[in-house]
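**Student:** give me a 3D structure for the following:
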Amino acid sequence: MRVRLLTVVGALVAAVAVASVLSVSVAGQTPVAKASAAAAKFRTPDGYPDLQGLYNTATLTPLERPDPNKLVMSDAEAANIEKEEAARRDRASRPSNGGRDAPPVGGDGSTGASGNVGGYNSFWIDRGDSTIIVDGQRRTSIVVDPPNGRVPAVKPEAMKRNAAPRIATPTSDAAENFQTTQRGGYDNIEQRPLAERCIVGFGSVSGPPMLPVLYNNFKQIVQTKDHVVILVEMVHDARIIPLNKPHAPSNIRKWMGDSVARYEGDQLVIETTNFTSKTRFRGASENLKVTERFWRADDNRIMYRFTIEDPSTWAQPWTGEYPWVKAEADDRLYEYACHESNYAMTGIMKGERLLEAEAEAIRQQQQQVR
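**Tutor:** Below is the predicted model:
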């Protein structure tokens, strides 16, 4: 949870420019920057595009398009989605008998991090309150290429690879309430999800690619002459990315991959390779390559676009994009005190051992009856 105020290095640069900056293609092409007064004004002392600031990346727009034939929704449709979310928040925030009622034995049958046998209450959940707008269009999905707004199907060989017995942990983009169905998922701590172990945030919130999740969607960008830092609120992940440096040797693998950055005109480009096999974003292999692009859309937003490439997992690259919105004046980035000695991990392991003991006792009773 967002618990203690984090002193963040770097200051938010004042934004005083006007008008939008860039025109972006939809179908997987590299976006081309248009010369504009706003782009020229947002510069660091070193002359780089100035993207610094604190941003809220929460959105009600899903990653994949519900209707593959519909790229854009109407203002009325967007208003209805936002109205439904506001109503949901209102219902979930109402008191229940002076506090939250305890769920029945075995859970209440609901799913998600706020339900079943005792996840978060509504106070902590922040999925955003609006859909995304790109080039004046209310988009129906973050994915824009393939044109149907859907992530390409995983290749059969990748499905086989991911079904191997040695793979028992979920992928890095798994939901926080992920429950494994594979045998051995609770045999030891290292089989538990990475977010549950406070290693990286769930849902690929830290990325790359960096995706919006259930809560804690704030991110801060700080630039120096030779590094870019992206500080992620969830799990307090910090991506420290060098500029104009070669990638690490292929035998060096990292949780969030090995990222290197460069500037192309008015865009910051980050290329990431050298992922570890323990993250496997959406079932990807160690050959995953993620290319991220950032550019200033106007004085209150920057655009974030990512392209995923892994020929051993998908037959084609795929691309998504969505705006990061400048935080309100009273917003702050707070520390995510995830670990707190992780006493819950002891309970998880102990609970599974108790279930195993109960199952063994039942098995022995059945044998005696026979």
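
**Student:** tell me the phi and psi of the closest residue to Met159 other than its chain neighbours?
**Tutor:** Leaving aside its chain neighbours, Met159 sits nearest to Gly283 (7.4 Å; criterion: C-beta to C-beta, 6 or more residues apart in numbering). Every residue, glycine included, has its C-beta placed from N, CA and C. Dihedral pair for Gly283: phi 80, psi 10, per degrees, to the nearest 10.

**Student:** I'd like to know how far Gly283 sits from Pro62.
**Tutor:** 19 Å (C-beta to C-beta, to the nearest Å).

**Student:** also Tyr304?
**Tutor:** Relative to Pro62, and taking C-beta to C-beta, Tyr304 is found at 16 Å.

**Student:** looking at these two, which is more packed in?
**Tutor:** Tyr304 (25 against 15; other C-beta atoms under 10 Å).

**Student:** assign the more buried one to helix, strand or coil.
**Tutor:** strand (DSSP: H, G, I helix; E, B strand; the rest coil).

**Student:** for Gly320, grab phi and psi.
**Tutor:** Dihedral angles (degrees, to the nearest 10) for Gly320: phi -140, psi 160.

**Student:** hey, what's it bridged with?
**Tutor:** With beta bridges defined as DSSP bridges, Gly320 has these partners: Val143, Phe306.

**Student:** next, count neighbours for it.
**Tutor:** 21.

**Student:** next: Ala153.
**Tutor:** 10.

**Student:** centre-most residue in the chain?
**Tutor:** Val205 (2.2 Å; C-alpha atoms, centre = their mean).

**Student:** check for me that Met349 belongs to a helix.
**Tutor:** Yes. Using three-state DSSP, the assignment for Met349 is a helix.

**Student:** go ahead and confirm it touches Gln191.
**Tutor:** No. Taking contacts as C-beta atoms under 8 Å, Met349 lies outside contact range of Gln191: 10.0 Å.

**Student:** state the distance from the nearest residue to Pro68 once chain neighbours are set aside to Ser74.
**Tutor:** Excluding the flanking residues, the one nearest Pro68 by C-beta to C-beta, 6+ apart is Asn148, at 3.7 Å. For Asn148, the distance to Ser74 equals 20 Å [C-beta to C-beta].

**Student:** those two: which is more packed in?
**Tutor:** Counted by other C-beta under 10 Å, Asn148 and Ser74 do not tie: Asn148 has more neighbours, with 17 against 9.

**Student:** where does the stretch 101-250 of the chain dip in pLDDT?
**Tutor:** 101-121, 164-184 (pLDDT under 70).

**Student:** ok, which stretches of it are strands?
**Tutor:** Taking DSSP state E, counting those that start in this stretch as the test, the strands found in the stretch 101-250 of the chain are 133-134, 137-139, 143-145, 218-223, 227-232, 238-242.

**Student:** quick check: Asp126 vs Met73, distance?
**Tutor:** 22 Å.

**Student:** burial of the spatially closest residue to Pro49 that is not a sequence neighbour, as a residue count?
**Tutor:** Among residues not flanking Pro49 along the chain, Asp266 sits closest, at 5.0 Å (C-beta to C-beta, 6+ apart). The local packing of Asp266 (other C-beta under 10 Å) involves 24 other residues.

**Student:** now do Asp266 against Asn251, distance only.
**Tutor:** 35 Å.

**Student:** likewise Val222?
**Tutor:** 30 Å.

**Student:** cool, Ile199 as well?
**Tutor:** Separation of Ile199 from Asn251 (C-beta to C-beta): 21 Å.

**Student:** between these two, who's got more neighbours?
**Tutor:** Ranked by neighbour count (other C-beta under 10 Å), Ile199 and Asn251 place Ile199 first, with 18 against 6.

**Student:** isn't the more buried one up against Asp237?
**Tutor:** No. Using C-beta under 8 Å, Ile199 is not in contact with Asp237, being 9.2 Å away.

**Student:** how are the helices of this protein distributed by residue range?
**Tutor:** Listed in chain order, the helices of the chain (DSSP state H) span 37-41, 75-93, 156-162, 343-369.

**Student:** most neighbours per residue, which of those helices?
**Tutor:** helix 37-41 (a mean of 16; mean count of other C-beta atoms under 10 Å).

**Student:** I'd like the average pLDDT over that helix.
**Tutor:** On average, the pLDDT along helix 37-41 is 67.
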